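In: Provided below are the primary sequence and the corresponding predicted coordinates.
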Amino acid sequence: MHSKVYDFKEGEILCFDKPYEWTSFGLVAKARYELCKKLKVKKLKVGHAGTLDPLATGVLIICTGKATKKIMELQAHTKEYIATIRLGATTPSYDLEKEIDATYPTEHITRELVEETLKKFVGTIEQVPPAFSACKVNGDRAYDLARKGETVELKAKTLVIDEIELLNCNLPDIEIRVVCSKGTYIRALARDIGEALNSGGHLTALRRTRIGDYKVEDCLKLDEFSEWLSQQTIATPEEK
């Protein structure tokens with residue numbers, strides 16, 4: 001196990017379990033800081049493959065050095081999520097970032113209705129991304145415009161949902177497992193499931209459990225990263 005020599009300048013792929021309330025950018029910055037400190041260098045190219053919202057946790061792939069060229073390829077992998085959706089209420093961000101803006105009836109919703117409705121989302125679907133997203137609108141990030149209170153019109157995107165499984169149904173909360181293509185917004189899926197149930201819905205928890213073959217149980221914990229680095233064999237720039 002300890003025979004691997006990590007060469008972060010040449011390029012490595014690391015997987016982190018992103019902590020709750022951290023931005024993906026924040027995690028990249030922290031990883032870069034720890035790596036630069038360890039390598040005794042001022043600069044190191046570090047990037048992530050696939051943003052996770054601050055309120056989501058789970059798999060975030062970090063690429064260093066020349067491995068940053070693989071980011072597009074890694075982003076294209078199928079992803080798996082575990083999501084908790086609260087039915088009967090919506091928020092402008094479709095998750096807990098914003099306060100509830102409308103409530104809807106849920107008395108008519110049963111487990112059977114939920115299971116039937118979820119089936120309609122499997123396959124190739126059209127999804128309008130959230131206004132609070134990193135999508136570009138005339139060169140601006142949609143979330144920057146939305147946070148300023150501007151109306152954001154985004155076009156529907158075609159994506160693929162491979163699987164949706166109902167894990168728990170404790171109405172008005174449901175927990176689902178989703179396997180989907182790149183570009184899927186689980187927050188938008190929560191909105192659409194709520195609408196399809198003649199109610200509303202927003203995300204209350206989200207965990208990305210897999211990107212391609214990278215699984216959350218194999219991920220590094222950010223608070224243990226410095227200690228993990230100290231235990232690895234690392235190629236230093238002078239050895240090159």
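Out: Looks like it arrived, so ask away.

In: In three-state terms, label D144 for me.
Out: Here D144 is recorded as helix under DSSP: H, G, I helix; E, B strand; the rest coil.

In: Report the separation between it and R208.
Out: 24 Å (C-beta to C-beta, to the nearest Å). Backbone N, C-alpha and C define where each C-beta goes, glycine included.

In: out of the two, which sits in the busier spot?
Out: A side-by-side neighbour count of D144 and R208, using other C-beta atoms under 10 Å, places R208 first with 25 against 13.

In: With the flanking residues excluded, which residue is spatially nearest to the more buried one?
Out: Counting by C-beta to C-beta, 6 or more residues apart in numbering, G58 is the residue found nearest to R208 once chain neighbours are left out, at 3.5 Å.

In: For the one you found, grab the count of nearby residues.
Out: 24.

In: do the one 3 residues further on as well
Out: Residues lying near I61 (other C-beta under 10 Å) number 22.

In: quick one, phi/psi of it?
Out: phi -90, psi 130 (degrees, to the nearest 10).

In: Which residue is the nearest non-sequential neighbour of it?
Out: A49 (4.2 Å).

In: Is the one you found in contact with A67, as I believe?
Out: No. Assessed by C-beta atoms under 8 Å, A49 is found out of contact with A67, at 9.8 Å.

In: top strand in the chain by residue count?
Out: Longest strand in the chain, counting residues (DSSP state E): strand 157-170.

In: so what's the residue most central in space within the chain up against?
Out: The structure's the chain has its C-alpha centroid closest to L52; by C-alpha atoms, centre = their mean the separation is 3.1 Å. Neighbouring residues of L52 by C-beta atoms under 8 Å, 6 or more residues apart in numbering: 18, 24, 58, 60, 208.

In: likewise T78?
Out: 162, 179-181, 210-212.

In: Apply 7 Å and report the result again.
Out: Contacts for T78 (C-beta atoms under 7 Å, 6 or more residues apart in numbering) come out as 162, 179, 181, 212.

In: list the contacts for the first one?
Out: Residues near D162 by C-beta under 7 Å, 6+ apart: 78, 179-180.

In: Make CSV from those and add secondary structure and distance to E195 to it.
Out: Listed next are the contacts of D162 as CSV, based on DSSP: H, G, I helix; E, B strand; the rest coil; distance: C-beta to C-beta, whole Å:
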residue, secondary structure, distance to E195
T78, coil, 25
V179, strand, 22
C180, strand, 18
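
In: For C219, state which of those residues is nearest.
Out: T78 (17.0 Å; C-beta to C-beta).

In: Is it correct that P172 is in contact with T84?
Out: No. P172 is beyond contact range of T84, at 10.9 Å (criterion: C-beta atoms under 7 Å).

In: Find the residues that touch each one of those two.
Out: Common contacts of P172 and T84, defined by C-beta under 7 Å, 6+ apart, are absent altogether.

In: Tell me the span between the first and last residue of stretch 38-48.
Out: For stretch 38-48, the first-to-last residue distance is 20 Å (C-alpha to C-alpha, to the nearest Å).

In: Other residues contacting that stretch?
Out: The contact list for stretch 38-48 (C-beta under 7 Å, 6+ apart) reads 8-9, 24, 28, 31-32, 35-36, 60-65, 68, 71, 229, 234, 236-237.
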